[in-house]
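[1] This is a predicted model, with the sequence first.
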Amino acid sequence: METRVLIIEDEKSNSKHLIRLLSSIDAGLRVVAVIESVEDAVNWLSENNAPDLLFMDVQLSDGLCFEIFDSVTILSPIIFTTAYDEYALKAFKVNSIDYLLKPVDPAELGKAIEKFKHF
């Protein structure tokens, strides 16, 4: 079964690393887009079918990812991938199923994917 994944991450090296890790963990994960900003995320989420799973960095090129939730309703589960631990509590107030600190550890990512599959 294919899982449609949206990555919201403003650092290209981090998004490429995440895509490599995801493909090595589960061939059924298909990245449908990589978005780099709050504005582009709002536009994409408004114009496309909801992904099955989101990976979301906290600090984006034009603001904090939490601003996205002010403009669109997100019902998809989210795995946060960030360098900042101080946003963890706020992340769990939205559809977060995990909060991974960068650099993303492959074993932790695998556990987060398994947690997602159990939902």
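    Looks like it came in fine.
[2] Only C-alpha atoms from now on, for both contacts and neighbour counts.
    Will do.
[3] Which helix or strand in this protein has the lowest average pLDDT?
    helix 88-91 (a mean of 90; mean pLDDT, DSSP states H and E).
[4] Grab the CA positions of whatever helix or strand comes next after that one and hand them over as PDB.
    Counting by DSSP states H and E, the next helix or strand C-terminal to helix 88-91 is strand 96-101. Presented in PDB, the C-alpha positions along strand 96-101 are these (Å, rounded to 0.1, in the frame of the first residue of the first chain):
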ATOM      1  CA  SER A  96       1.900  15.100  15.900                       C
ATOM      2  CA  ILE A  97       2.700  11.500  16.300                       C
ATOM      3  CA  ASP A  98       6.400  12.000  16.900                       C
ATOM      4  CA  TYR A  99       9.100  14.700  17.300                       C
ATOM      5  CA  LEU A 100      12.500  13.900  16.000                       C
ATOM      6  CA  LEU A 101      15.600  16.000  16.500                       C
END
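[5] What is the burial count for residue 42?
    Burial measure for residue 42: 20 neighbouring residues, criterion other Cα atoms under 10 Å.
[6] From residue 88, how far out is the closest residue to residue 64 other than its chain neighbours?
    In space, and not counting its chain neighbours, residue 64 is closest to residue 58: 5.5 Å by Cα to Cα, 6 or more residues apart in numbering. Per Cα to Cα, to the nearest Å, residue 58 is found 10 Å from residue 88.
[7] ok, now residue 105?
    Distance from residue 105 to residue 88, by Cα to Cα: 17 Å.
[8] can you check residue 17 too?
    22 Å.
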